[in-house]
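# Let me see the structure of the following:
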Amino acid sequence: MTVALMWEARAVPGRGADLLTWARGQSLSGTPLRRETFRAPQDRVLVITWWEGSYDDSDRPELADPPGDLVTRPVHRWRFESAGVDIP
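Residues are numbered from 1 along each chain as shown. Predicted coordinates:
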C-alpha cells in the first residue's frame, strides 16, 4: 500500500520564494518513494511525499514547521491512502 503525506504552508506576503527555498532544503529521516513540491497563488507551498506502508504508520517522517516569521498560519497536513491508479 502507498500513503501520500501532504504538507501545505502559506508564506508571509512576498516571501513565497523564501518558503519554497526553505521547503526544498528540508531533509527527511527516510527516503520517500517520491517527493514533489508545488507553489500556488497567495505564496502557498505544497510538498507531497509518497511512502510504502499503511495509513496508520506513524513513523513516516514529515516536514517540520517553517520558522514563524516566514508563514502566516500554522502548516496544514493531510495523509492519504492510495485507492489505486486510474487509467484514462
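
# Now do the contacts for the spatially closest residue to residue 16 that is not a sequence neighbour.
Spatial nearest neighbour of residue 16, excluding adjacent residues (Cβ to Cβ, 6 or more residues apart in numbering): residue 43 at 3.2 Å. Every residue, glycine included, has its C-beta placed from N, CA and C. By Cβ atoms under 8 Å, 6 or more residues apart in numbering, residue 43 lies in contact with 10-16, 19.

# pretty sure residue 69 is in a helix, no?
Yes - Residue 69 sits within a helix when classified using DSSP: H, G, I helix; E, B strand; the rest coil.

# the helices in the protein, which residues?
16-24 (DSSP state H).

# tell me the strands in it, going along the chain?
2-10, 34-40, 44-52, 76-81 (DSSP state E).

# can you redo the ones you listed as JSON lines with mean pLDDT?
Formatted as JSON lines, these follow (pLDDT from 0 to 100):
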{"stretch": "strand 2-10", "mean pLDDT": "96"}
{"stretch": "strand 34-40", "mean pLDDT": "97"}
{"stretch": "strand 44-52", "mean pLDDT": "96"}
{"stretch": "strand 76-81", "mean pLDDT": "94"}
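
# which one of those strands lies closest to residue 68?
strand 2-10 (11.1 Å; Cβ to Cβ).

# Now do the residue nearest to residue 16, the pLDDT please.
Note on residue 43: pLDDT of 97.

# can I get the strands of the chain in JSON lines with distance to residue 59?
Listed next are the strands of the chain as JSON lines, based on distance: least, Cβ to Cβ, whole Å:
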{"stretch": "strand 2-10", "distance to residue 59": "11"}
{"stretch": "strand 34-40", "distance to residue 59": "17"}
{"stretch": "strand 44-52", "distance to residue 59": "10"}
{"stretch": "strand 76-81", "distance to residue 59": "13"}
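
# Tabulate those in a markdown table, adding columns for mean neighbour count and distance to residue 65.
Formatted as a markdown table, these follow (neighbours: other Cβ atoms under 10 Å; distance: least, Cβ to Cβ, whole Å):
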| stretch | mean neighbour count | distance to residue 65 |
| --- | --- | --- |
| strand 2-10 | 19 | 8 |
| strand 34-40 | 13 | 16 |
| strand 44-52 | 19 | 12 |
| strand 76-81 | 12 | 10 |
